[in-house]
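Chemist: return atomic coordinates for the entry below.
(3 chains)
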Amino acid sequence: MKEKGKGGFGKNVYRRPESLVDVKTHFCPGCHHGIAHKILAETIDRFCLREKTVGVACVGCSVFLYDYIDVDVAEAPHGRAPAVATGVKRAQPDRFVFTYQGDGDLAAIGTSEVIHAANRGENITVIFVNNTTYGMTGGQMAPTTMLGQKTSTSPYGRDFRKDGYPIKMAELLATLEGTAYSARVATSTPAQIRKAKEAVRKAFDMQIKEMGFSIVEFLSTCPTNWGMKPIDAQKRVLGEMSEYFPLGVYKERKQADFL
Amino acid sequence: MQSNQAAGKSIAKEPTGRIEIDFERCKACELCVFACPKGCIEIGAKINRQGYAAAFFARPEDCTGCAICAETCPDVCIEVWR
Amino acid sequence: MSRGAAVIHRTLMKGNEAICAGAIAAGCRFYYGYPITPQNDIPEYMSAHLPRIGGTFLQAESEVATINFILGTSASGRRVMTSSSGPGISLMQEGLSYMAGSELPAVVVNISRSGPGLGGIAPSQGDYFQAVKCGGHGGYRMPVLAPHSVQEMYSLTMLAFDLADKYRNPAMILGDAIVGQMKEPYEQTPYVSSVPAEKPWALTGCAGRPRQHLKSLYLKDNAIEVHNWKLHGKYRRMEEDEVRFENYRLDGARIAIVAFGTAARVSKTAIQWARDEGIAVGMLRPITLYPFPETQVDEVARKVDVVLVIEMNTGQMLQDVKMSTPCHDKIRFLGKPCAMPTPEEIHGEIRRLAGKAE
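Modeler: Residues are numbered from 1 along each chain as shown, chains lettered A, B, ... in the order given. Presented below is the predicted three-dimensional model:
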């Protein structure tokens, strides 16, 4: 069975991407971080960037990026990954530089850093994983938490009169002149995964072509902190989350047409 | 939930693909179970070292090697051949 | 500084500009910063000079972003500097803690102003605690150098880069508005590196080697304890090897002033006046505030009758002086928060302590 494929099937059509380290992840069952990691690693492989990439990990479940993606990684303080990435990219413009950030990191404490990195047209790529909660610290309310969503710090549900509204980062960043590419994707169906891969490829391509700042927002799940089975968590993404956070490409620069 | 009972029933049609699920790495999230268009994957009764009742390739005879299960698996437990 | 055949240029410059000249001489090609008085000459100088020599100047949206630009460029293995003043340095404390934890070198200049809060733009030494005891979380140390002349603004900046690289740790220049804004001639001594240029730990992409990381998170078992003992070892080595100080007219002194930076500079004038009157007074001037010249302070304190600590605050270094010697009964303090003591004030205090009538 082992030799020449499996059970007579010679062509391996899916295996672990080369840039994805062969270890068990710390992610909870059904967490979509794993899917985002796979897509990231596949895209690094596709562009043959493994040996010229510097990643920047942020604070949250996403921090262990350096255990899973087989590239050089710097760890940033909470929310500061786009600023650290700026420092790396300015020093090494010929390296591929990305950040991988959660929604608490990017959309709350790090809003200033990501907005200004985008506005400078910083030639970096941001992978932004939005699961509407602070996963690692135990499911507190995030700026992306849906109205009415119960979390450990919004036990009666998020109320817009008190906490405002879930923030739409892909749309917000698309308004900035320096942003070359901004898209929101999900990974809850095979078709969505295909589109997510395409978006990450585009975002990478923007950096390679020096077009400016690129960001892909992933609508992700947090079954543990949502108190849902993984399949129900996926249904939530397909339902209320995608309704409020519409999937799509919000900005795509065609050429380096800086004003 | 038992495995190859369906095998006998499966008619003449030959499988066009094959998957292998890493028993120890699986976290039993069931996303592959729901994703497989042919229903080839099930959650098993055996518990792995992580403490999860890992998924297993229950109906190999129906597999088309479409790789949707592998694309879906967040833990990269599935390899696919066609 | 090695002289050899090299021509040494004597230049008239502002203290803040001399810092820039020292940084550029030491090979720093990256500067990031955010405007704040009284250090704006530094970003202005760098924004004009760095692009001409292939360097990078970038103005950040905040000091929080600044220190993280610094972190990223340092992680890339390049020499990098920022400067700010009290309120901005406060915002950098988070980043400094991460850099100390991740063992990343950089030079941070604090041309300090009055505080607390927005305070004022008058010169002050009120940031001593924040600089020397390290204002970020978790417990770490960094070399702190206190220039008292334009010459030292230049040469101590070069030294700060070497210390930062040698120990893979941030290093700080602690100045104030007076040493930053005053102009005086100084010698542009050539930079002679005392550390290897290679930084094999830098993140440059993992071509031909396994991937590597720069991080400060250690969760497994007792990894963070092990990491802290390693950092502690570095601080001990700094304390053993990097103490720098100046003995000024301490021969036969009965009164010893201990002062740094601008306060030390003003004290020199007062000491000259007092010596002219036959009063045996001198000064021990710490150049490194961390590591603090503890042994030297103790030696001097044991020899003299009075130790007069002079600061532009209400007594911060005073605590380190007291920690250095058991001769507490000899210690006196003259301090002014957020203002420069005049030579007359210091001279008057020396005379009083020497038993001379006013």
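Chemist: is C:Met28 located within a strand, as I assumed?
Modeler: Quick fix: residue C:28 reads Cys, not Met. No - per DSSP: H, G, I helix; E, B strand; the rest coil, C:Cys28 lies outside any strand segment and is coil.
Chemist: and it, how many neighbours?
Modeler: 23 (other CB atoms under 10 Å in any protein chain shown). Heads up, the C-betas are built off the backbone N, CA and C, glycines and all.
Chemist: report the contact partners of the spatially closest residue to it that is not a sequence neighbour.
Modeler: Distances taken as CB to CB, 6 or more residues apart in numbering or on different chains put C:Arg79 closest to C:Cys28, at 4.4 Å, once the chain neighbours are dropped. By CB atoms under 8 Å, 6 or more residues apart in numbering or on different chains, the residues touching C:Arg79 are C:Ala23, C:Ala26, C:Gly27, C:Cys28, C:Arg29, C:Phe30, C:Pro105, C:Val107, C:Phe161, C:Asp165.
Chemist: counting neighbours, what do you get for the fifth one?
Modeler: If I follow you right, that is C:Arg29. For C:Arg29, the count of nearby residues is 19 (other CB under 10 Å).
Chemist: give the next helix or strand downstream of the strand or helix carrying C:Ala160.
Modeler: Assigned by DSSP states H and E, C:Ala160 falls within helix C:150-167. Using DSSP H and E, the helix or strand that follows helix C:150-167 in sequence is strand C:170-176.
Chemist: output the contacting helices and strands for that next one.
Modeler: If contacts are counted by 3 or more CB pairs under 8 Å, 6 or more residues apart in numbering or on different chains; DSSP states H and E, strand C:170-176 sits against helix C:15-25, helix C:86-102, strand C:106-114, helix C:128-132, strand C:144-145, helix C:150-167, helix C:261-276.
Chemist: wait, which of the ones you listed is closest to B:Ala45?
Modeler: helix C:86-102 (46.3 Å; CB to CB).
Chemist: in that closest one, what's buried?
Modeler: C:86, C:88-102 (16 or more other CB atoms under 10 Å in any protein chain shown).
Chemist: where in the chain is pLDDT low?
Modeler: In the absence of a named chain, chain A is used. A:1-7, A:256-259 (pLDDT under 70).
Chemist: chain C was what I was after
Modeler: C:1-6, C:357-358.
Chemist: the residue of the stretch 1-150 of chain C found nearest chain A: what secondary structure?
Modeler: Across the stretch 1-150 of chain C, no residue is closer to chain A than C:Gly72, which sits at 2.2 Å (CB to the nearest CB). Classification of C:Gly72 using three-state DSSP returns helix.
Chemist: now it: closest residue in space, sequence neighbours ignored.
Modeler: Counting by CB to CB, 6+ apart, the residue nearest C:Gly72 is A:Gly87, at 2.2 Å.
Chemist: after the strand or helix carrying that neighbour, next one along is what?
Modeler: Using DSSP H and E, A:Gly87 maps to helix A:81-91. Toward the C-terminus, helix A:81-91 is succeeded by strand A:96-102 as the next helix or strand (DSSP H and E).
Chemist: run the chain-centre distance for that following strand.
Modeler: 8 Å (CA atoms, centre = their mean, to the nearest Å).
Chemist: can you check stretch A:85-100 too?
Modeler: 17 Å.
Chemist: equivalent analysis for stretch B:19-31, please.
Modeler: Using CA atoms, centre = their mean, the offset of stretch B:19-31 from its chain centre is 8 Å.
Chemist: in it, what's buried?
Modeler: Residues B:Ile19, B:Glu20, B:Ile21, B:Asp22, B:Arg25, B:Cys26, B:Lys27, B:Ala28, B:Cys29, B:Glu30, B:Leu31 are the ones in stretch B:19-31 that count as buried (16+ other CB under 10 Å).
Chemist: please flag which of those residues sit within strands.
Modeler: Per DSSP state E, strands hold the following members of these: B:Ile19, B:Glu20, B:Ile21.
Chemist: between those, which is nearest chain A?
Modeler: B:Glu20 (6.1 Å).
Chemist: if I look at the residue of chain C positioned farthest from its centre, how far off is chain A?
Modeler: Outermost residue of chain C with respect to the C-alpha centroid, by CA atoms, centre = their mean, is C:Gly208; its distance is 38.7 Å. Distance, C:Gly208 to chain A, by CB to the nearest CB, to the nearest Å: 8 Å.
Chemist: on the three-state scheme, the closest residue to that residue other than its chain neighbours is what?
Modeler: Nearest residue to C:Gly208 in three dimensions, chain neighbours excluded: A:Glu51, at 7.6 Å (CB to CB, 6+ apart). Here A:Glu51 is recorded as helix under three-state DSSP.
Chemist: now the one 5 residues further on
Modeler: Three-state call for A:Val56 (three-state DSSP): strand.
Chemist: let me see the contact set for it.
Modeler: Each residue near A:Val56 by CB under 8 Å, 6+ apart is listed here: A:73-76, A:81-82, A:84-85, A:88, A:97-100, C:72.
Chemist: again, 10 Å this time
Modeler: Counting by CB atoms under 10 Å, 6 or more residues apart in numbering or on different chains, A:Val56 makes contact with A:65-66, A:72-76, A:80-89, A:97-101, A:124, A:126, C:68, C:71-72, C:75, C:203.
Chemist: also A:Asp94?
Modeler: A:Asp94 neighbours (CB under 10 Å, 6+ apart): A:Lys52, C:Thr204, C:Gly205.
Chemist: and for C:Ala26?
Modeler: Contacts of C:Ala26 (CB under 10 Å, 6+ apart): C:79, C:81, C:107, C:154-155, C:157-162, C:164-165, C:191-193.
Chemist: ok, 6 Å please
Modeler: Contacts for C:Ala26 (CB atoms under 6 Å, 6 or more residues apart in numbering or on different chains) come out as C:Met158, C:Phe161, C:Tyr191.
Chemist: can you check C:Leu12 too?
Modeler: Neighbours of C:Leu12 in contact, by CB under 6 Å, 6+ apart: C:Pro185.
Chemist: what are the buried residues along the host helix or strand of it?
Modeler: Counting by DSSP H and E, the element that carries C:Leu12 is strand C:9-14. Buried residues in strand C:9-14, counting neighbours by 16+ other CB under 10 Å, are found at C:Met13, C:Lys14.
Chemist: that strand to helix C:15-25, inter-axis angle?
Modeler: 130 degrees (axes from the mean of the first three to the mean of the last three CA atoms, to 10 degrees).
Chemist: only alpha carbons, please: show strand C:9-14 as CSV.
Modeler: C-alpha atoms of strand C:9-14 as CSV (Å, rounded to 0.1, in the frame of the first residue of the first chain):
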residue,chain,number,x,y,z
HIS,C,9,37.5,67.5,12.7
ARG,C,10,36.5,70.1,15.2
THR,C,11,33.0,71.1,14.7
LEU,C,12,30.5,73.5,16.2
MET,C,13,27.2,71.8,16.7
LYS,C,14,24.1,71.5,18.8
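Chemist: what's the closest non-adjacent residue to C:Met142?
Modeler: C:Pro170 (4.9 Å).
Chemist: for the one you found, which residues make a bridge with it?
Modeler: C:Ala106 (DSSP bridges).
Chemist: which other residues reach the one helix or strand C:Tyr31 maps to?
Modeler: Following DSSP H and E, the helix or strand that holds C:Tyr31 is strand C:30-33. Residues outside strand C:30-33 that contact it (CB under 6 Å, 6+ apart) are C:43, C:46, C:50, C:56-58, C:60, C:66, C:69-70, C:73, C:78, C:80-83.
Chemist: mind doing that once more with 7 Å?
Modeler: A:90-91, C:42-43, C:46, C:50, C:55-60, C:66, C:69-70, C:73, C:78, C:80-84 (CB atoms under 7 Å, 6 or more residues apart in numbering or on different chains).
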